[in-house]
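1. Quick one, fold the following:
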Amino acid sequence: MSAYLGYRDGDGDTPWGKYFKPEMAELPRHVVVALEHGPQADQTLLGFDSAGGILDDGYQQTENGYGQLRGGGFQVSVRTAMPGVTPVMWDWWFGWHGSETTRYKLWHPRAHAAARWADGGPDGSWVGRTSLIEEYLGSSYAKAAIQFVEPQVIGLDQSRLGSDVAVCARLGSAEVPVDIGWFVHHVRATADGAEMRSRFWMGGPYIGLRKGNMLADAVIRPIAANQLPDPRDLLVHCAQEMNHLGSFLPAVYAQFGDG
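-> Numbers count the residues shown, from 1 in each chain. You can find the predicted model right below:
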C-alpha cells in the first residue's frame, strides 16, 4: 500500500477525483472554544460504561472537549453539524471509501495517506470488517486498524437507533496486535440535515491485546503508549475531516450512492 499525502499524477483521473479539494474550512467556532477551554473534568465527560447515553435526546454536558478519565485514559467529544446530509449517506460512506485510497483522501486531504480493507474485499457492508489506514494526527503519523463492530458491543441499544446511524469501532495498531481505544460516531437527523456526535475513549483501561495473543501486559503498555494520539490532535482531526466531508457528501452520494 503506497502511502503519501495528497493526489499525485493520475490520482484525480478517477470518477470521484473531482471531489478532492485541498482547501479546508476553518474549524467551527464551538471546536475552537473547546480547545481554548482546555481539559474538562472527568464528571463532565461521557464514560465508556455509559456510551449508550449518546442515543438520548438533547445534548450532553460535553459535546465538544476532552479530558482525562478518573479510571485512566482520556475521552474526546466532537459535534459536527452537516446541513443537507442524511444518516444513510454516512452509512454508505463507511462502506464505500475504504476500498480505495483515493476515496479515503477526499475525507481529509491534508492528513489521509492510505486505506484498504484488511480482507481485501470490495465496497459493501463495513460492520465486522477492519479498515487499515495511514494518516497524520497532528504531526504524528499513525498506521491504524479500525475494527468496526455492532453498536451493542459498546452498549448502544440497536432498537433505539431507528433511522440513526451509529458507527462503532475498536481502534488499534496495524503493525502490532495491540488496541488502544474505542469510538462511536452517532449520526442523527436534524431540521436541516444531520449532525454527527463523536466520542473516543483511549488509553488506560481501553488498551488491550487482540484475541489469541500471548504478550505480557508489561510489554504492551509501552507499545500502546506510543500509539496514543494527543487528545487535542484527535479533537481537531475529527472536526476537520467530518466537516470537510459533510460539505460535499451529498454530491458524492448522489453520484455513487445506493439511492
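
2. Which SSE is immediately downstream of the helix or strand bottoming out on mean pLDDT in the chain?
-> Counting by mean pLDDT, DSSP states H and E, the weakest-scoring helix or strand in the chain turns out to be helix 217-227, with a mean of 70. The helix or strand immediately downstream of helix 217-227 is helix 231-256, counting by DSSP states H and E.

3. residues in contact with D230?
-> Taking C-beta atoms under 8 Å, 6 or more residues apart in numbering as the contact definition, D230 lies against 137-138, 140. Quick note: C-beta positions are derived from backbone N, CA and C, even for glycine.

4. Could you tell me which of those residues are located in strands?
-> Of those, the ones assigned to strands by DSSP state E are 137, 140.

5. most surrounded residue in the contacts of D230?
-> Among these, L137 has the most neighbours (other C-beta atoms under 10 Å), with 18 neighbours.

6. still on that earlier bit, got the contact list for the least confident helix or strand of the chain?
-> Taking C-beta under 8 Å, 6+ apart as the rule, helix 217-227 contacts 142, 172-173, 176, 178, 180, 203, 207-209.

7. go on, stretch 151-171?
-> Applying C-beta under 8 Å, 6+ apart, the set of residues contacting stretch 151-171 is 48-52, 54-55, 87-88, 90-91, 94, 126, 144-150, 179-189, 200, 202.

8. a markdown table for the contacts of D230, including pLDDT and distance to T14?
-> Shown next, in a markdown table, are the contacts of D230 (pLDDT from 0 to 100; distance: C-beta to C-beta, whole Å):
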| residue | pLDDT | distance to T14 |
| --- | --- | --- |
| L137 | 94 | 26 |
| G138 | 92 | 29 |
| S140 | 92 | 29 |
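
9. could the contacts of D230 go into a markdown table alongside distance to A166?
-> Formatted as a markdown table, those follow (distance: C-beta to C-beta, whole Å):
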| residue | distance to A166 |
| --- | --- |
| L137 | 23 |
| G138 | 27 |
| S140 | 27 |
